[in-house]
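Colleague: Sequence and predicted structure, then a few things I'm wondering about:
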Amino acid sequence: MDDLDSTLHQEHPLHPHPEGNDHLAEISKKGYNYLKEGVLEEAEKAFRQILEFDSTNSYALVGLGDVARKRGEKKKAMEYYQKCLAVFPGNGHALFGLADCYKATNQFTKALEIWEEYLLVHDKNIAVLTRVADTYRKLRNFGKSKETFLKVLAVHDDNAYALIGLGYLHYDFKDYREALLYWEKVYTADTAHADVRVLTSLGNCHRKLKTYREGLPYYQRVLEEENDNFYALFGIADCYRGMNQMDKSLEFWNRILERDPDNKVILARAGDTLRQLGRLDEAEKSYYKALDIEFDTYAALGLAMIHKEQGRYQEAVTSLSGIMDKDPNNARIYIEIAECQQKMGQRNEALNTLGLLQRRGLKNHQFNGMMNRRRY
């Protein structure tokens, strides 16, 4: 059971006692104890035993729904919750479980409808409010999401789920400074036991804000807990890149590649770093290895830049043309191709490339300068 489920059941006891039958009450209690301990097979047996005596018993139907939900059998779980609601329309546990299943299957609108029905009776339930706010976030409804998270903070001003959720909400909408404020509140509340997700989120904000030196310590703290955490290694490598410390950046790209040697994104990043260090042969190998796995725009562009720098203009044009085919709205590619064609004395071809850029309505600050200088 996750912490949000625990919050829900603090208001609605986890061990229900069906009225009028002590024997069924005892079985029900055992079933929910098994459920809490994760002994799902025994929990299922207990709830099915209750249904043999009472086929519409709400506790057993909800219990079987919870068992199925924990097994990842969302469709089966929904059937049990709906059976319960058909007899007991306002059952809080069934509403909660059904909404969670809809959310887990990306049926966010249906989940919201059910949670809002639940909140008509239990309007201060933290678990449900937090889920509602998070679902609005996934639906890109900034206003409703923030409003609902703030309702949680009105009840508990230090609620970590709401603060973290508000951080993600502002991050999603590229308001990185505001996201930092919420995540820092969570971090400073208990720095000794900081959540890895909060630490990486703080680091990510600083990377987005290009305050790399401030982001670095958060990622380093994560590595103290998990020395192979991908997000921390990536974040540190990118921070060092932003700080122009390429040797250190390469060290961390390579640490990722030691564990995941066929990661084309990291191979391209390592290639870029090697290229900036002037180690062109190694950079070329890294780019080719990435492209052997699957086409990657950054690897192809890096390879083209090496060929251009080495005066291998036709090879550069070949690489760049491959990018243009897959990303025809990338204005930079047309400029790079035109420059290579000009270097090869292909004036008409260069003009045609720039004309294609213009006809497609793409803009690039280099374009006017190139034309004004009558380079072609």
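Modeller: Nice, thanks for sending it over.

Colleague: Number of residues surrounding L61?
Modeller: Using other C-beta atoms under 10 Å, L61 has 28 other residues around it. Backbone N, C-alpha and C define where each C-beta goes, glycine included.

Colleague: now swap in the one 3 residues further on and tell me
Modeller: By other C-beta under 10 Å, 26 other residues sit near L64.

Colleague: So that it lines up with my notes, have the first residue be 218 from now on.
Modeller: In the new count, where the first residue is 218, that last one comes out as L281.

Colleague: Tell me which other helices or strands the helix or strand where it lies touches.
Modeller: Element membership for L281 (DSSP states H and E) is helix 275-287. If contacts are counted by 3 or more C-beta pairs under 8 Å, 6 or more residues apart in numbering; DSSP states H and E, helix 275-287 sits against helix 239-254, helix 257-270, helix 291-304, helix 309-321.

Colleague: buried sites along the first one?
Modeller: Spelled out, it's helix 239-254. L241, A242, I244, S245, K246, K247, G248, Y249, Y251, L252, K253 (16 or more other C-beta atoms under 10 Å).

Colleague: Ok, the last one next?
Modeller: Under the neighbour-count criterion of 16+ other C-beta under 10 Å, helix 309-321 has G309, H310, A311, L312, F313, G314, L315, A316, D317, C318, Y319, K320 buried.

Colleague: so where do the strands sit in the protein?
Modeller: Counting by DSSP state E, one finds no strands in the chain.

Colleague: the domain parsing of it - what is it?
Modeller: The chain breaks down by automatic domain parsing into domains covering 218-324, 411-478.

Colleague: distance between the ends of the shortest one?
Modeller: Right, domain 411-478. Length of domain 411-478, first residue to last, C-alpha to C-alpha, to the nearest Å: 30 Å.

Colleague: hang on, the earlier thing: now render the buried residues of helix 239-254 as JSON lines, adding distance to V349 and pLDDT.
Modeller: Shown next, in JSON lines, are these (distance: C-beta to C-beta, whole Å; pLDDT from 0 to 100):
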{"residue": "L241", "distance to V349": "34", "pLDDT": "87"}
{"residue": "A242", "distance to V349": "33", "pLDDT": "87"}
{"residue": "I244", "distance to V349": "34", "pLDDT": "92"}
{"residue": "S245", "distance to V349": "29", "pLDDT": "91"}
{"residue": "K246", "distance to V349": "30", "pLDDT": "92"}
{"residue": "K247", "distance to V349": "33", "pLDDT": "93"}
{"residue": "G248", "distance to V349": "29", "pLDDT": "93"}
{"residue": "Y249", "distance to V349": "25", "pLDDT": "93"}
{"residue": "Y251", "distance to V349": "30", "pLDDT": "94"}
{"residue": "L252", "distance to V349": "24", "pLDDT": "93"}
{"residue": "K253", "distance to V349": "25", "pLDDT": "92"}
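
Colleague: quick check, nearest of those to D509?
Modeller: Nearest to D509, judged by C-beta to C-beta, of the buried residues of helix 239-254 is L252 at 49.3 Å.

Colleague: which residues touch the closest residue to that closest one other than its chain neighbours?
Modeller: In space, and not counting its chain neighbours, L252 is closest to A260: 4.3 Å by C-beta to C-beta, 6 or more residues apart in numbering. If you count contacts by C-beta atoms under 8 Å, 6 or more residues apart in numbering, A260 has them with G248, Y249, Y251, L252, G280, V284.

Colleague: Quick check: the closest residue to the first one other than its chain neighbours vs A294, distance?
Modeller: Using C-beta to C-beta, 6+ apart and skipping residues adjacent in sequence, the residue nearest G248 is A263, 3.3 Å away. Counting by C-beta to C-beta, to the nearest Å, the gap between A263 and A294 amounts to 17 Å.

Colleague: Next: G539.
Modeller: In terms of C-beta to C-beta, G539 sits 48 Å off from A294.

Colleague: between the two, who's got more neighbours?
Modeller: Ranked by neighbour count (other C-beta under 10 Å), G539 and A294 place A294 first, with 24 against 18.

Colleague: thinking the more buried one is in contact with F313, fair?
Modeller: No: contact between A294 and F313 fails when scored by C-beta atoms under 8 Å: they sit 11.5 Å apart.

Colleague: if we can go back for a sec, any idea which of the domains of the chain gets closest to A379?
Modeller: Among the domains of the chain, the nearest to A379 by C-beta to C-beta is domain 218-324 (11.2 Å).

Colleague: okay but I473 is in contact with A454, surely?
Modeller: Yes: using C-beta under 8 Å, I473 is in contact with A454, at 7.4 Å.

Colleague: Looking at these two, which is more packed in?
Modeller: A454 (24 against 20).

Colleague: Number of residues surrounding E443?
Modeller: E443: 12 neighbours (other C-beta under 10 Å).

Colleague: Identify the residues contacting it.
Modeller: Counting by C-beta under 8 Å, 6+ apart, E443 has contacts V413, A449.

Colleague: same question, H423
Modeller: H423 neighbours (C-beta under 8 Å, 6+ apart): L397, Y429, E431, G432, L433, Y435, C456.
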